[in-house]
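Asker: What shape does this take:
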Amino acid sequence: MQYDAIVVGGGLAGLVAAAELGDRGKKTLIVDQEAENNLGGQAFWSLGGLFMIDTPEQRRLRVRDNLALARADWMGSAGFDRPEDASPREWAEAYLDFAAGEMRGWLHDMGMRWFPVVGWAERGGGFADGHGNSVPRFHITWGTGPGVLEPFIRRVREHERAGLISLAFRHRVTAIETKNGAVCGVSGDILAGSDAERGQKSSREVTGGFTFEAQSLIVASGGIGGNLDLVRANWPRNRLGAPPETMVCGVPHHVDGAMIDVARTAGAATINEDRMWHYTEGLRNWNPIWPNHGIRILPGPSSMWFDAHGNRLPTPCLPGFDTLSTLKHLRTTGHDHSWFVLTQKIIEKEFALSGSEQNPDLTSGRWGAVLKQRLGKGATDAVEAFKKHGEDFIVRNTLDDLVSGMNDLVGDPLIDTDDLRAQIEARDLQIENPFAKDAQVIAINGARAYLGDKLVRTAKPHRLLDPRNGPLIAVRLHTLTRKTLGGIHTNLASQALGPDGSPVPGLFAVGEAAGFGGGGYHGYNALEGTFLGGCIFSGRAAGRAAG
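Answerer: As a prediction, this is how the structure comes out:
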C-alpha cells in the first residue's frame, strides 16, 4: 500500500505530524506497535505542562517574563559544548521564539486551556547564568496529558473520516526500506491482538508481516526510558558516576528505543545519546500499571532532603531546584536511595504526584474537583493513598520511631537518630529568623513571595519537630527513568541527518526520538514543560515538510 507519508508512533509528536500532514491533503499512515487504546503514547500519562513565555497566565500572577530572560535561562541550562550541538542550538532558539510567539495562540485556537497558577519548576543551581527557570513557566493544561492530546487526536480522526489518514495498530516496524539511498517505505511484524489495558505490558507474539510504501517516513517512536539496559549502556558515567543498580521506570515498557536503531541502520546519525533526564524523587507505585512502575513527586521547597546515611544534601540539591546536580551528588553516596523528611502540614500543601492518573481533578478539567482536592483538608486523595499504601512512606509521631522505621525499611541501621535530630533542629532554629542563613529557608521564603506558590504550593514555614505540625513523615526516594535528551540528528525541518550532516532523503524524526528536536535541544538540562512542547514543535515541523 502506498502513502505520501508514514508516521511510526502514535504518541503526541506523531499525532501532531499526522494532523499537519492531513491539513495539507497528504495521504498518511500511522503505525504503532501497541493497541489502539494506547493512542497518545506517553503524553497521556503526563501532567500536561508546557513551557511558554510571557503569557496572560503569567502576567495575571505578576510574573514578568520575556524572550531574552527565557533564552538566558535555556542557554545557561543547556550548556551546549559540542560541535554537533549546532542543530540542537538552532532548535532551542526556534522553540524559544515559538514559545514566546504563536505557540499559545495556536494551541488556544484548537481549544487548549491552562490552569491559572503557573508552576515554577527547576529553579536552578544558584547562579544567574547557570541552570534553572528565573520565573514560573510551567503551564499545566486543563485535562493534563489527555487535554494536550485531545485537539490533535480530534484532528487526526477528522482526517481519518475524510480518508486521508489511516491507522495500523499492533504493527511493529523492524526496517526502513530504501531505494537509491532514499526512503521508500517500511516493513515489519504484525503482532497478535492485545486486550492489555493502556500502559500495561502487551504480547510480542508475531502473527505475520507487512510492507508499506511512502516517499516520506517520520520516526516518532519515543526514547529509551522503559529499557533499563539501554539506559545503563548510555549512562554518562564520566559526569554522573555509575548508574544505580535499582531504578524505577517512569514510562511504559514499550518505550524501548528499538526504532532509533532501525533509523540508524537506514542512515540516520544519532548524537548526544549520553544526555538523559532522570528524576531523583521517584516512588514505587503501590498500584502499578507497567512493569517497575514509578511515580515522581513534584515537591514544594520545604521537605528536608537526606542521603541514605542521613546526611543533609548540599545546595543546590534542594527539592525542585536542580535535578541533575542532585542526581550527580546522590551517585557519590554509595546507595541508590535518599530520603525526604517532612510533616503532615508540608505534605498537605506541597506534595503533588506527576501524571494524569495521579491528578484526576486537573484531568477532569472541572473547577469543583480542583477546589475540593487542592483547598480541602488533607493532601490530595492520590497523595494520601501513597502515604497509606506506598512501601516508601513511613509515618510516625516521634523522630525516634521515624528513624527506626527508615532503618527497618532498608534493612540496615544507616541513620543515627541523634545526628538526624541535630540537623533538623539546626534548620528549625532558622524558621522564625527573617535573616536566615539556611539556603533552604531562604528558598522557602522566596517561593512564598510568588503568589502562585503561596496559594497552592508552599507551606507556611514551621518547625518540623514541633508535634503540632505532625505527624512526621519520611519518604524513601529512588531514581526514576524518564527522558532521552539526545537522539536522531535533525535539521529545522525535522529531516534526519546522516553522519556527514546531509539529510537522509525522505527520513524525518520528531519528539523524543530526535531529542525533542535537532538531536537534543535541551543540551544537558531540561527546564520542564519542554518535553511536550518539543514534541508539538518538532511534530509540527515534520508535518509541514514531509510528504
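
Asker: In stretch 289-305, which of the residues would be classed as buried?
Answerer: Of the residues in stretch 289-305, 289-290, 292-305 count as buried by neighbour count, 16 or more other CB atoms under 10 Å. Quick note: C-beta positions are derived from backbone N, CA and C, even for glycine.

Asker: what's the first-to-last distance across it?
Answerer: Using CA to CA, to the nearest Å, the end-to-end distance of stretch 289-305 comes to 28 Å.

Asker: Past the longest helix along the chain, which element shows up next along the chain?
Answerer: Assignment by DSSP state H gives helix 144-161 as the longest helix of the chain. Downstream of helix 144-161, the first helix or strand assigned by DSSP states H and E is strand 165-169.

Asker: just checking, what packs against the next helix-or-strand element following that next one?
Answerer: Counting by DSSP H and E, the next helix or strand C-terminal to strand 165-169 is strand 171-179. Counting contacts by 3 or more CB pairs under 8 Å, 6 or more residues apart in numbering; DSSP states H and E, strand 171-179 packs against strand 28-32, strand 182-191, strand 206-219, helix 258-265.

Asker: residues in contact with whichever helix or strand comes after the third one?
Answerer: Using DSSP H and E, the next helix or strand after strand 206-219 towards the C-terminus is helix 228-234. Contact partners of helix 228-234, identified using CB atoms under 8 Å, 6 or more residues apart in numbering, comprise 224-225, 243, 247, 249, 256-257, 273-274, 276, 278, 292, 481.

Asker: hmm, back to that, which of the buried residues of stretch 289-305 sits closest to I6?
Answerer: W290 (26.5 Å; CB to CB).

Asker: For the closest one, give me its contacts.
Answerer: Going by CB under 8 Å, 6+ apart, W290 touches G199, Q200, K201, G226, C249, V251, P252, H253.

Asker: Tell me the one among those nearest to P413.
Answerer: Among these, and counting by CB to CB, the member closest to P413 is C249, at 29.7 Å.

Asker: Hmm, G226 and that closest one touching each other?
Answerer: Yes - taking contacts as CB atoms under 8 Å, C249 lies within contact range of G226: 5.6 Å.

Asker: Overlap in contacts, those two.
Answerer: Common neighbours of C249 and G226, using CB under 8 Å, 6+ apart, are W290, T481.

Asker: Would you format the contacts of helix 228-234 as a markdown table with distance to V504, pLDDT and secondary structure included?
Answerer: Formatted as a markdown table, the contacts of helix 228-234 follow (distance: CB to CB, whole Å; pLDDT from 0 to 100; DSSP: H, G, I helix; E, B strand; the rest coil):
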| residue | distance to V504 | pLDDT | secondary structure |
| --- | --- | --- | --- |
| I224 | 21 | 97 | coil |
| G225 | 25 | 96 | coil |
| P243 | 31 | 97 | coil |
| M247 | 33 | 97 | coil |
| C249 | 31 | 97 | strand |
| D256 | 22 | 95 | coil |
| G257 | 19 | 96 | coil |
| E273 | 18 | 97 | coil |
| D274 | 23 | 98 | coil |
| M276 | 24 | 96 | strand |
| H278 | 30 | 97 | strand |
| N292 | 35 | 97 | coil |
| T481 | 29 | 97 | strand |
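
Asker: okay, now L492: neighbour count?
Answerer: The number of residues packed near L492 is 15, by other CB atoms under 10 Å.

Asker: actually Q430, not the one I typed
Answerer: Neighbourhood size, Q430 [other CB under 10 Å]: 18.

Asker: And for the one 3 residues further on?
Answerer: Close neighbours of N433, defined as other CB under 10 Å, add up to 11.
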